[in-house]
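> sequence and predicted structure, then a few things I'm wondering about:
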Amino acid sequence: MILTVQDKAAYAYTGGKPFDANLPTAVFIHGAEHDHSVWALQTRYFAHHGFSVLAVDLPGHCRSAGPALTSVAAMADWLAALLDAANVQRAFVAGHSMGSLVALDFAGRYPDRVTHLALLATAMPMAVSDTLLDAAANREPEAIGMVNVWSHSGIAAKPSCPGPGFWLHGMNQRLMERVSARGEAQLFHTDFTACNDYADGLARAAEVRCPTRLVVGRRDAMTPPRAAKALAQALAQAGMPVDTVTLDAGHALMSEQPDATLDALFGLARQPAKAAL
């Protein structure tokens, strides 16, 4: 589905069903150098079980027109504009890695627009090493290879994967290469810099007004579970329900543990929502 957002084309995958703004809406936000397809195994279930789905391509990523946005706050404002274009007032919002920061910032600054918030493979701060920033700026293929290795806890799909034999490393590698080829120069560096520079997460957590779930990978080398603890504490202090689900996976939660990730997301989305503020 193509929408016009901030005068540019924006793509959102709808899970194989026509989008219907009269149904509850679930929004999914990808991470750095990725696109909507990382959510394929979860969004189709949502779309066929009572939700309308918007799994976005952020600006400059594959099917959404660029340029890429350079800050988490700008991506959150873009998301608000995308929901306006889709005639959606409130939605369940899930974000992975960089997308979790976008989801958090959106939920904090637009609290009346979020029914439930899911933050996957998140961290605050989400610091990026100088070595990786340099590789992303000057040797992007090397950066893609590094992140691809660090994102997975094993070399093959887990037994619960609906497509046994999936080559998770290969698929993720090709996806990042495709996003790189279709995007602007140094897109990975732009995304990583936005993550590294984002310092408002704890303040935004204090402004969240909906049930929140953190989904973390026990063997995540990119955003280890301990990196989400301060964020979980800040959300709890805001007075809203918050819990943490830990999966036996690395950073690539949605592909390494697709069923468990779906259970964590759909279980949250089905909880009663607070009335709009």
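Arrived safely.
> just the helices in the protein please.
Remark: helices assigned in the chain by DSSP state H are 40-47, 72-85, 98-109, 130-138, 140-151, 168-182, 187-197, 201-205, 229-237, 253-256, 258-269.
> dump those helices into TSV; add mean neighbour count as well.
Any C-beta I mention is one placed from the backbone N, CA and C, and that applies to glycine too. As requested, those are exported to TSV (neighbours: other C-beta atoms under 10 Å):
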stretch	mean neighbour count
helix 40-47	21
helix 72-85	20
helix 98-109	27
helix 130-138	16
helix 140-151	19
helix 168-182	17
helix 187-197	22
helix 201-205	21
helix 229-237	18
helix 253-256	25
helix 258-269	20
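> of the ones you listed, which is nearest residue 62?
Nearest to residue 62, of all the helices of the chain, is helix 168-182, at 5.5 Å by C-beta to C-beta.
> residue ranges in the stretch 1-150 of the chain under the pLDDT threshold?
In the predicted model of the stretch 1-150 of the chain, no residue satisfies pLDDT under 70.
> for residue 18, which of the helices of the chain is the nearest?
Nearest of these (C-beta to C-beta): helix 40-47, 9.3 Å.
> quick one: distance of the closest one to the chain centre.
Remark: helix 40-47 is offset 14 Å from the chain centroid, using C-alpha atoms, centre = their mean, to the nearest Å.
> same check, this time on stretch 118-135
Distance, centroid of stretch 118-135 to centroid of chain: 13 Å (C-alpha atoms, centre = their mean).
> CA-only coordinates of it in CSV, if you can.
Provided in CSV are the C-alpha atoms of stretch 118-135 (Å, rounded to 0.1, in the frame of the first residue of the first chain):
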residue,chain,number,x,y,z
ALA,A,118,6.1,-3.4,22.0
LEU,A,119,9.8,-2.7,22.0
LEU,A,120,11.9,-5.5,20.6
ALA,A,121,15.7,-5.8,20.9
THR,A,122,15.8,-2.4,22.4
ALA,A,123,18.4,-0.5,24.5
MET,A,124,18.7,2.9,26.1
PRO,A,125,21.1,4.3,25.2
MET,A,126,21.5,2.5,21.9
ALA,A,127,25.2,3.2,21.5
VAL,A,128,27.0,2.2,18.3
SER,A,129,30.7,1.6,18.5
ASP,A,130,33.1,3.9,16.7
THR,A,131,34.4,0.9,14.7
LEU,A,132,31.0,0.0,13.4
LEU,A,133,30.1,3.7,12.6
ASP,A,134,33.4,4.0,10.7
ALA,A,135,32.7,0.8,8.7
